[in-house]
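Visitor: Next input, structure requested:
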Amino acid sequence: MNAMAEVVPVDSVGAQGLAPTGILDGVRAIADRRLPMLAQSIDADSVYPEDLMREFGAAGAYFRHLPMGPGLTPRRGPDLETSIRAMSIAAEHCLSTAFCIWCQDALGWYIYNGGSDALKAEIGSQVAMGEVLGGTGLSNPMKTVFGIEKLKLRATAVDGGYRVSGNLPWVSNLGPGHWFGIVFSVGTDNPRNVMAIVDCDADGLTMVANDNFLALGGTRTYGLAFREVFVPEAHVIADPLEAFLPKIRAGFILLQAGMAFGLIQSSIRLMEQMKRPLGHVNSHLPEQPEYFAEQLAAMEGAVFELAKTPYETSQDYFAEVIRARLLAGDATVQAAHAAMLHCGARGYVTGAEAQRRLREAYFVAIVTPATKQLRKMLADMGEPLAA
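Guide: Numbers count the residues shown, from 1 in each chain. Sure, this is the predicted structure:
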């Protein structure tokens, strides 16, 4: 299928947008054509796949999960499953790219669920179609809400908005012309937390290239220094944050499953590829590809069922979301570890796919909310690890 056949101008997209099958066929065609050649450079040389991200957006990868269609057209409801599947297709080849897709998905999720109609009109459709790229900036706030860190940004109310100062250590999928979400506290006696969307080109904002990560080097991850950065009131999407967070938290977490599912699928493929040359000895390993295929199918079924009602706010529902995400992270590391053992020495050399996938798998377990945070969240809620 020709991927470019799925590229539709934003104004011509109907109320329900491109059909899910068309989007996924387009994303598959692009990913299979381009990512096998790019993945090594993204990993080894920290190449940011910006043009590829825009191509995925034009194919419709970033808007099915949004509660409105491009142009603010009404929809029957958000379709998280298609967005998760699109991310998974990219993750079969490269987790850096899949993570950037999640960042893009999360940015649109904030904007379209937020209270700023001005922001939706200004950049909403461009974010939905990949014309404007960006990240999330919510790692620190998500940890703050669950008692792990203190909020790192502070603001003073001024005429027409806020002046924000402080530092964020890691925000990804950024660059000139990119946007991202932040949360800052306002006031001293009874401070309140406010969420807004910020332009990377804002005056007073400095982006510093960050640590040389073990993997995910192609994600344009920066440390951000805010020095009296002006955030206009029109770019505020939640004031206070606490009333908004239950609306976005399940979608924020469930969308990450796309990274896990794609990497597990690629690990299964690596194990299958080793059956012919090494099956006589790999058969003695305790974990076989068939086990992971069954586990993946079960996880997909559970996540896609939860994804049907992302605005559900009950504790029982949210606990299931946390458990599903926890299982996905654990299974990703387990599958990549098994693939490494199945590949043996040929997977242990520089440039081998197996060792790259293993390094990438740990990111699924440590990205916010990390395995340890998910366990803490369940403990704080008085919920068991397994239902």
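Visitor: isn't residue 374 right next to residue 328, touching?
Guide: No: assessed by Cβ atoms under 8 Å, residue 374 is found out of contact with residue 328, at 10.0 Å. (C-beta placed from N, C-alpha, C; glycine too.)
Visitor: packing partners for the strand or helix carrying residue 167?
Guide: Assigned by DSSP states H and E, residue 167 falls within strand 161-171. Judged by 3 or more Cβ pairs under 8 Å, 6 or more residues apart in numbering; DSSP states H and E, the packing partners of strand 161-171 are helix 139-145, strand 153-158, strand 179-186, strand 192-199, strand 222-232.
Visitor: If you average the pLDDT over it, what comes out?
Guide: For strand 161-171, the mean pLDDT works out to 96.
Visitor: got the domain boundaries for the chain?
Guide: Per the record's domain assignment (automatic domain parsing), the chain is made up of the domains 3-133, 139-241, 256-380.
Visitor: Highest mean neighbour count out of these?
Guide: domain 3-133 (a mean of 21; mean count of other Cβ atoms under 10 Å).
Visitor: and residue 333, which of the helices and strands packed on strand 161-171 is closest to it?
Guide: helix 139-145 (19.8 Å; Cβ to Cβ).
Visitor: residue ranges of the strands in the stretch 201-350 of the chain, please?
Guide: 205-209, 222-232, 236-238 (DSSP state E, counting those that start in this stretch).
Visitor: So what touches the shortest one?
Guide: Contacts made with strand 236-238 from outside it, assessed by Cβ atoms under 8 Å, 6 or more residues apart in numbering, are listed as 110-111, 113-116, 119, 161-162, 181, 194-197, 244-245.
Visitor: Identify, from the residues you listed, the entry nearest to residue 380.
Guide: Out of the contacts of strand 236-238, the member with the shortest distance to residue 380 (by Cβ to Cβ) is residue 245, at 14.9 Å.
Visitor: Report pLDDT for the closest one.
Guide: Per the predicted model, pLDDT is 95 at residue 245.
Visitor: Can I get stretch 125-140 in CSV? Just the C-alpha atoms.
Guide: Extracted C-alpha coordinates of stretch 125-140, given in CSV (Å, rounded to 0.1, in the frame of the first residue of the first chain):
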residue,chain,number,x,y,z
SER,A,125,-5.1,20.8,14.6
GLN,A,126,-1.3,21.1,13.8
VAL,A,127,-0.5,19.0,16.8
ALA,A,128,-3.1,16.4,15.8
MET,A,129,-1.6,16.1,12.3
GLY,A,130,2.1,16.3,13.2
GLU,A,131,2.7,19.8,11.7
VAL,A,132,3.6,21.0,15.2
LEU,A,133,5.6,18.6,17.4
GLY,A,134,6.1,18.5,21.1
GLY,A,135,6.4,16.7,24.4
THR,A,136,4.7,16.3,27.8
GLY,A,137,6.7,17.8,30.6
LEU,A,138,4.6,16.0,33.2
SER,A,139,7.2,13.6,34.6
ASN,A,140,7.8,15.9,37.6
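Visitor: circling back to that earlier point, using JSON lines, please lay out the helices and strands packed on strand 161-171 together with mean pLDDT and distance to residue 295.
Guide: Output for the helices and strands packed on strand 161-171, formatted as JSON lines (pLDDT from 0 to 100; distance: least, Cβ to Cβ, whole Å):
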{"stretch": "helix 139-145", "mean pLDDT": "93", "distance to residue 295": "27"}
{"stretch": "strand 153-158", "mean pLDDT": "97", "distance to residue 295": "39"}
{"stretch": "strand 179-186", "mean pLDDT": "98", "distance to residue 295": "33"}
{"stretch": "strand 192-199", "mean pLDDT": "97", "distance to residue 295": "36"}
{"stretch": "strand 222-232", "mean pLDDT": "97", "distance to residue 295": "35"}
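Visitor: These: which one's closest to residue 36?
Guide: When these are compared by Cβ to Cβ, strand 222-232 sits nearest residue 36, at 27.7 Å.
Visitor: mind checking how far that closest one is from the chain centre?
Guide: Put simply, strand 222-232 sits 22 Å off its chain's centre (Cα atoms, centre = their mean, to the nearest Å).
Visitor: so what strands line up beside it?
Guide: strand 161-171 (antiparallel), strand 205-209 (antiparallel) (DSSP bridges).
Visitor: mind checking which of the ones you listed is nearest residue 258?
Guide: That would be strand 161-171 among the strands paired with strand 222-232, by Cβ to Cβ, at 19.8 Å.
Visitor: the helices in this protein, which residues?
Guide: 20-45, 50-58, 80-91, 95-113, 117-119, 125-128, 139-145, 241-254, 257-273, 275-282, 289-306, 315-343, 353-366, 371-380 (DSSP state H).
Visitor: contacts for the shortest one?
Guide: Contacts of helix 117-119 from elsewhere in the structure, counted by Cβ under 8 Å, 6+ apart, are 111, 197, 234, 235, 237.
Visitor: thinking again about what came up before, mind putting the strands of the stretch 201-350 of the chain into JSON lines with distance to residue 151?
Guide: Formatted as JSON lines, these follow (distance: least, Cβ to Cβ, whole Å):
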{"stretch": "strand 205-209", "distance to residue 151": "17"}
{"stretch": "strand 222-232", "distance to residue 151": "12"}
{"stretch": "strand 236-238", "distance to residue 151": "14"}
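Visitor: Those: which one's closest to residue 368?
Guide: In terms of Cβ to Cβ, the element of the strands of the stretch 201-350 of the chain nearest to residue 368 is strand 222-232, at 15.5 Å.
Visitor: Between strand 179-186 and that closest one, find me the angle.
Guide: 70 degrees (axes from the mean of the first three to the mean of the last three Cα atoms, to 10 degrees).
Visitor: CA-only coordinates of strand 222-232 in PDB, if you can.
Guide: Output of strand 222-232 as PDB, limited to C-alpha atoms (Å, rounded to 0.1, in the frame of the first residue of the first chain):
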ATOM      1  CA  TYR A 222      16.500  18.400  27.200                       C
ATOM      2  CA  GLY A 223      17.000  19.900  30.600                       C
ATOM      3  CA  LEU A 224      14.900  23.100  30.700                       C
ATOM      4  CA  ALA A 225      15.700  26.300  32.600                       C
ATOM      5  CA  PHE A 226      12.800  28.700  33.100                       C
ATOM      6  CA  ARG A 227      13.800  32.300  33.900                       C
ATOM      7  CA  GLU A 228      10.700  34.400  34.200                       C
ATOM      8  CA  VAL A 229       9.100  32.800  31.200                       C
ATOM      9  CA  PHE A 230       5.800  34.400  30.400                       C
ATOM     10  CA  VAL A 231       2.900  32.000  30.000                       C
ATOM     11  CA  PRO A 232      -0.300  33.800  28.700                       C
END
